[in-house]
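In: Build me a model from this:
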Amino acid sequence: MNPDDLIKQARRIIANKQSPLGKLVEAREFLRVYAGEKSVFFQALKEVRSPTTNQYIIITGDIAAILTAFINYVENGLLEGISIERKAQIDVVSDFIGQADALLKSKEVHPAAPAVIIGAALEEFLRNWIDEGCLSLGGKKPSLDSYAKVLREAELITKQDIKDITSWSGLRNHAAHGEWSEVNDKTRISLMLEGVNLFMRKYGEYGI
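Out: Purely as a prediction, here's the structure:
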């Protein structure tokens, strides 16, 4: 979700006339997913107790104040930065992509090799994103498809992203299982590399 959408959703929660308990639950989940469980915003909201009827004004005021602080944070561009650890992880993944690109340009290397590396780089990118966002696989086995489903459930990627990741995952699996006929077209693997590169550039800033 981009900054404008985050601000829009935060304002919607503030303006929502639902019950104070419902507002509190929604606000907590919103900040847990998009600010992070370790953020001061989520931690502050955790301290807000489930309201009773006569606490309606106090509780809704607390929720509004915390969400307004989050809105100001986003508006000032502070959410656009990423942690040093996350930056280092992205740099490592970018190195893998660079290696895959070099292999693709070599006439002596079968396209299966860069396909495996591209798939591994994408999986590492998604895994780091999920770890940084404190998201749970919910018992799912770690894989490209599992990571993609979790990120989609959190509304961090689109339906089209899911389709793309499924396609890339298929190519990586063909290469890893020695199904050479499925990955012997360098043009197809080049498109995979380009697509993964664009995906990571798209979410490298907000994938935290």
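
In: how close does residue 193 get to residue 97?
Out: Separation of residue 193 from residue 97 (C-beta to C-beta, to the nearest Å): 7 Å. In short, each C-beta sits where N, CA and C put it, glycine included.

In: shared neighbours of those two, which are they?
Out: Shared contacts of residue 193 and residue 97 (C-beta atoms under 8 Å, 6 or more residues apart in numbering): residue 118.

In: Next up, the contacts around the nearest residue to residue 146 once chain neighbours are set aside.
Out: The shortest distance from residue 146 to any non-neighbouring residue, by C-beta to C-beta, 6 or more residues apart in numbering, is to residue 140 (4.0 Å). Residues in contact with residue 140 (C-beta under 8 Å, 6+ apart) are 146, 149, 150.

In: Could you point out the helix or strand that follows the helix or strand of the chain with the lowest mean pLDDT?
Out: Sorted by mean pLDDT, DSSP states H and E, the helices and strands of the chain end with helix 84-104, the least confident at a mean of 77. For helix 84-104, the following helix or strand on the C-terminal side (DSSP states H and E) is helix 112-132.

In: Residues contacting the helix or strand following that next one, please?
Out: Sequence-wise, the next helix or strand downstream of helix 112-132 (DSSP H and E) is helix 144-153. Residues outside helix 144-153 that contact it (C-beta under 8 Å, 6+ apart): 119, 122-123, 126-127, 129-130, 135-138, 140, 157-159, 161-162, 165-166, 168-169, 172.

In: Let me know how buried residue 94 is, in neighbour terms.
Out: 16 (other C-beta atoms under 10 Å).

In: same check, this time on the one 4 residues further on
Out: By the criterion of other C-beta under 10 Å, residue 98 has 12 neighbours.

In: So it versus residue 74, what's the distance?
Out: Distance from residue 98 to residue 74, by C-beta to C-beta: 32 Å.

In: residue ranges with poor pLDDT in this structure?
Out: By pLDDT under 70, the weakly predicted segments of the chain are 1, 50-59, 78-90, 204-208.
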